[in-house]
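[1] Here is the input, now give the coordinates:
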Amino acid sequence: MSSNPISSLFPFLLLLFSGVLCSAMIVPFMAFFLVTGLGQEPWIISVYSVLLVGLTVTVNRQLAKRIDSGRRVFPLVGIAAASYLTATLALSIAPALWTVLTIGIVGFGLSSSATSTMFSLGGALAERQGVDRSRFNAYMRATSSTAWMMGPALTFIIADLLSPSAVFKFCLIGALVWLGLWWRVLPKDITAKSTATPMPLSDQRRATTGLWAAAVFIFCLSSAHSLTFTALPLFYVTEVGLPGYAPGVAFSVKTFVEVFAIFATPFLIARFGLRQSLFATSLLAVIAILVLASVSSFPQMVFGAALEGLYYGFYASLGISYIQSFATDRPAQATAIYWNTLMISGLLAGPAVGFIAQVYDFHTVILVASAVAAGAAMLLLAGSRFHSGQPET
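    Got it, this is the predicted structure:
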């Protein structure tokens, strides 16, 4: 397969990058802004997160139905970008708690739906260009990871050099770029309806069971990652005694390795198959998290971060292809379930880490995460007979 089809999809990847970069500049920053910028108590973060994730999950489900029914995608991406613009404009003018909990939640909640929509659209575009969906999933995930590598760092540099409220003005500029690319890149009549033949009713029921079994697996492995991701900075600094800059270095190493791992996943699928590669990735996750739990020095932390990036890069690309394989005639629904599951697991990780660390310590949180990852591997084996709606031998 020539590289020409991928080259023709580069403007789409640029649009995806701009939208994810906008989100990456806001998502990890809002907790910091609420506590440091507005002087609120930490519990207000939970209120904001629950309302935001609840809205995004609901919107993703509704938009997935529209996309799978063949509705135009162009206005859906535009609404997401315009919502982000509205939220950042409001917070630029009035950086206050009431703005965050009203316009901020609605604007950022609606804008967060863009990632699921773009991944659904990207898969359909890849099929029409003759590019394998799993291969283009890898390109989209790598694009997203690159945006996440840049977004949070950029945000906190701005907040440190200028002020927390100045971040929203820069995000406002990002929103204008996002809207401009949306208008120029996406055809106005574009849809993402799958070209796959609808399954017979009996196969569809079996595939739906497999889809939800896959969603439980995604939830478990994502929860293992979220627990680790949340606990590691405090574990490194307060329990291992590493310097304050160590978590930032670990995150950079993890993300760097993650991008290369994502690009390797199409070769893994071609060589070993999707489910076998994902099972091996689950086992690698268990090993990587146990290595992270045993860190006692800076070099060990760097090695553990590289392992974490390796398994998560594999999982990030393989996971979305796996869950889509259960709904080839309804890919947007599968994609929405994937992103919603990631958001919910991330939301629940914070309180879980706080509770476990309060009773025990952050080291215990990481050990629990390794057990959750092992459980995900077992669930994948148990659910293998539902793959693609057919029993596997």
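[2] show me what contacts the closest residue to residue 251 other than its chain neighbours?
    Leaving aside its chain neighbours, residue 251 sits nearest to residue 305 (7.5 Å; criterion: Cβ to Cβ, 6 or more residues apart in numbering). The way it works is simple: take the backbone N, C-alpha and C, and place the C-beta from them, glycine included. Applying Cβ atoms under 8 Å, 6 or more residues apart in numbering to residue 305 gives the contacts 249, 250, 251, 253, 254, 257, 292.
[3] what about residue 305, distance to residue 261?
    To residue 261, residue 305 is 13 Å away according to Cβ to Cβ, to the nearest Å.
[4] just to revisit the earlier point, just the contacts of residue 305: which are in helices?
    249, 250, 251, 253, 254, 257, 292 (DSSP state H).
[5] Now the element after the helix or strand of the chain with the lowest mean pLDDT, going C-ward?
    Least confident element among the helices and strands of the chain, by mean pLDDT, DSSP states H and E: helix 4-8 (a mean of 71). Next helix or strand after helix 4-8 toward the C-terminus (DSSP states H and E): helix 10-26.
[6] which other residues reach the next helix-or-strand element following that following helix?
    Next along the chain after helix 10-26, taking DSSP H and E as the criterion, comes helix 29-32. Residues outside helix 29-32 that contact it (Cβ under 8 Å, 6+ apart) are 45, 48, 49, 100, 104, 108, 152, 155, 156, 159, 164, 167.
[7] just the helices in the stretch 151-300 of the chain please.
    166-185, 201-234, 246-272, 274-293, 298-324 (DSSP state H, counting those that start in this stretch).
[8] quick one: residue 21 and residue 153 touch, right?
    No - assessed by Cβ atoms under 8 Å, residue 21 is found out of contact with residue 153, at 11.2 Å.
[9] More neighbours: which of those two?
    residue 21 (22 against 16; other Cβ atoms under 10 Å).
[10] what does the model give that one for pLDDT?
    On the pLDDT scale, residue 21 is placed at 95.
[11] Name the nearest residue to it, ignoring sequence neighbours.
    Spatial nearest neighbour of residue 21, chain neighbours left out: residue 147 (4.1 Å); criterion: Cβ to Cβ, 6+ apart.
[12] Which element, helix or strand, includes that neighbour?
    With DSSP H and E as the test, residue 147 turns up in helix 133-161.
[13] chain center to that helix: distance?
    10 Å (Cα atoms, centre = their mean, to the nearest Å).
[14] Equivalent analysis for stretch 99-113, please.
    18 Å.
[15] again, but for stretch 210-229
    The chain centroid and the centroid of stretch 210-229 are separated by 12 Å under Cα atoms, centre = their mean.
[16] ok, and what's touching stretch 76-94?
    15, 19, 22-23, 26, 63, 66-67, 99-100, 103-104, 106-114, 117-118, 121, 165, 168-169, 171-172, 174-176, 178-179, 182-183, 186.
[17] Kindly recompute the last result at 6 Å.
    22, 63, 99, 103-104, 107-108, 110-111, 113-114, 117, 168-169, 171-172, 175, 178-179, 182 (Cβ atoms under 6 Å, 6 or more residues apart in numbering).
[18] got it, and stretch 272-291?
    228, 268-269, 304, 307-308, 311, 314-315, 318, 322, 369-370, 373-374, 376-377, 380, 387.
[19] Out of these, which end up buried?
    Among the contacts of stretch 272-291, those classed as buried by 16 or more other Cβ atoms under 10 Å are 228, 268-269, 304, 307-308, 311, 314-315, 318, 322, 369-370, 373-374, 376-377, 380, 387.
[20] picking up where we left off before, helices and strands around the helix holding residue 147, which ones?
    Helix 133-161 is packed against helix 10-26, helix 113-128, helix 166-185, helix 246-272, helix 298-324, with contacts defined by 3 or more Cβ pairs under 6 Å, 6 or more residues apart in numbering; DSSP states H and E.
[21] rewinding a little: you'd agree the residue nearest to residue 21 is up against residue 20?
    Yes - look at residue 147 against residue 20 with Cβ atoms under 6 Å: they come within range, at 3.9 Å.
[22] Neighbour count: the two, which is higher?
    residue 20 (23 against 19).
[23] Contact partners for that one?
    144, 147.
[24] ok, now how distant is it from residue 292?
    Residue 20 is 26 Å from residue 292, by Cβ to Cβ.
[25] Likewise for residue 155?
    Counting by Cβ to Cβ, the gap from residue 155 to residue 292 is 25 Å.
[26] want to try a markdown table for the contacts of helix 29-32, with distance to residue 281 as columns?
    Compiled in a markdown table, the contacts of helix 29-32 are given as follows (distance: Cβ to Cβ, whole Å):
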| residue | distance to residue 281 |
| --- | --- |
| 45 | 31 |
| 48 | 32 |
| 49 | 28 |
| 100 | 37 |
| 104 | 36 |
| 108 | 31 |
| 152 | 25 |
| 155 | 30 |
| 156 | 30 |
| 159 | 35 |
| 164 | 38 |
| 167 | 35 |
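[27] ok, so of those residues, who is nearest residue 232?
    Of all the contacts of helix 29-32, residue 152 has the smallest distance to residue 232: 14.9 Å, by Cβ to Cβ.
[28] Not counting its neighbours along the chain, what's nearest the closest one?
    In space, residue 152 is closest to residue 28, 4.8 Å off (Cβ to Cβ, 6+ apart).
[29] tell me the pLDDT at residue 184?
    92.
[30] What is the burial count for it?
    Neighbour count for residue 184, taken as other Cβ under 10 Å: 10.
[31] what does the one 3 residues further on give?
    When neighbours are defined as other Cβ under 10 Å, residue 187 has 10 of them.
[32] Next one: the residue nearest to it when sequence neighbours are not counted, what pLDDT does it get?
    Spatially, and ignoring its direct neighbours in sequence, residue 187 is nearest to residue 74 (6.9 Å; Cβ to Cβ, 6+ apart). Note for residue 74: predicted pLDDT of 91.
[33] do residue 390 as well
    Taking residue 390 on its own, its pLDDT is 42.
[34] cool, residue 320 as well?
    For residue 320, pLDDT reads 87.
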